[in-house]
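Novice: Structure for the following, please:
(one chain, ligands or ions: 1)
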Amino acid sequence: MMTKHLADIAHPTIYKPFPVLTKFYNVMLVGDSGVGKTCLLVRFKDGAFLAGSFISTVGIDFRNKVMSIDAVKIWDTAGQERFRSVTHAYYRDAHALLLLYDVTNKASFDNIRAWLTEIHEYAQQDVVVMLLGNKADSTHDRVVKREEGEKLAKEFGVPFMETSAKSGLNVELAFTAVAKELKHRTMKEPDEPKFQLQEYVNKEVRTAGCCRS
Ligand SMILES: Nc1nc2c(ncn2[C@@H]2O[C@H](COP(=O)(O)OP(=O)(O)OP(=O)(O)O)[C@@H](O)[C@H]2O)c(=O)[nH]1
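Specialist: This is a model prediction of the structure:
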């Protein structure tokens, strides 16, 4: 066990206590089963990809991550219908929702409208929602074009990007962007302009297959 000596405590330059984090933003991952919610969380949290056999989330799970902006508590929900009543209970505490579909699965894209209806029903009115087209690395199996995701996002007025839990494409950005928006809302002076989430995303986003990803 580590001990702290009084002599160290008397010299604040030597002993700096850890900063006390007072704020955790709740970020919830939602979308059909198998779209890659758990993988996205693991990629963001640990920088790794969970390849191989697919183990469905049961109910709900969470992980904390301290970012340079602030800390986030990420709630990984089960996409399976049978857990829906469990996950509904968590919506109202969510500050942001990352809504995922899988670019290789048309049904998961078609279900986005139903997910948005559900969000509307159970989440707070001012919740930050971002649409993510995951598995953008799967070039050969892709059935949903990036433009289709962009169009749907525009229709609902939410920011959009494609991600890949496998390659890491835009994963950090998705979480950073919502954390920046939330932080800005909390800290903003009354006369300060609003944080332009969509503009920030447009500036930072990388495209699948592009050399900059
Ligand atoms: N190619 C590719 N495969 C992915 C990606 N993300 C997830 N997968 C695969 O997709 C499958 C499902 O991933 P999960 O993260 O478990 O899906 P989920 O959305 O959490 O599923 P539920 O827990 O049932 O809601 C796994 O076999 C992953 O390896 C990705 O970005 N690219």
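Novice: Can you report phi and psi for Thr77?
Specialist: phi -100, psi 160 (degrees, to the nearest 10).
Novice: beta partners for it?
Specialist: For Thr77, the beta-bridge partners under DSSP bridges are Ile60.
Novice: Please compute how far the top helix by length along the chain lies from its chain's middle.
Specialist: Assignment by DSSP state H gives helix 171-187 as the longest helix of the chain. Mean-position distance between helix 171-187 and its chain equals 10 Å (C-alpha atoms, centre = their mean, to the nearest Å).
Novice: go on, stretch 150-164?
Specialist: Put simply, stretch 150-164 sits 14 Å off its chain's centre (C-alpha atoms, centre = their mean).
Novice: what does stretch 59-70 give?
Specialist: Computed by C-alpha atoms, centre = their mean, the chain-centroid distance of stretch 59-70 equals 9 Å.
Novice: Need the distance between the two termini of it.
Specialist: 26 Å (C-alpha to C-alpha, to the nearest Å).
Novice: ok, back up a step: if you average pLDDT over the longest helix of the chain, what comes out?
Specialist: Helix 171-187 carries an average pLDDT of 90.
Novice: Which elements pack onto it?
Specialist: When contacts are defined as 3 or more C-beta pairs under 8 Å, 6 or more residues apart in numbering; DSSP states H and E, helix 171-187 sits against strand 24-31, helix 37-46, strand 71-77, strand 96-102, strand 128-134, helix 197-204. For glycine as for every other residue, the C-beta is placed from the backbone atoms N, C-alpha and C.
Novice: Also compute the angle for it relative to strand 24-31, please.
Specialist: 130 degrees (axes from the mean of the first three to the mean of the last three C-alpha atoms, to 10 degrees).
Novice: Not counting helix 171-187 itself, show me its contacts.
Specialist: Residues from elsewhere that reach helix 171-187, judged by C-beta atoms under 8 Å, 6 or more residues apart in numbering: 23, 25, 27, 40, 43-44, 65, 67, 69-70, 72, 74, 95-96, 98, 128, 130, 132, 159, 161, 163-165, 194-195, 197, 200-201, 204-206.
Novice: which of those residues count as buried?
Specialist: 25, 27, 40, 43-44, 65, 69-70, 72, 74, 95-96, 98, 128, 130, 132, 159, 161, 163-165, 195, 197, 200-201, 205-206 (16 or more other C-beta atoms under 10 Å).
Novice: re earlier: check the helices and strands packed on helix 171-187 for me: which has the lowest mean pLDDT.
Specialist: Lowest mean pLDDT of those: strand 71-77, a mean of 85.
Novice: Name the residues of it that come out as buried.
Specialist: Buried, per 16+ other C-beta under 10 Å, within strand 71-77: Val72, Lys73, Ile74, Trp75, Asp76, Thr77.
Novice: That one to helix 37-46, inter-axis angle?
Specialist: Using the same axes, to 10 degrees: strand 71-77 against helix 37-46 is 160 degrees.
Novice: Around the ligand, which positions in the protein sit nearby?
Specialist: 33-39, 50-51, 54, 56-57, 78-80, 134-135, 137-138, 164-166 (C-beta under 6 Å from any ligand atom).
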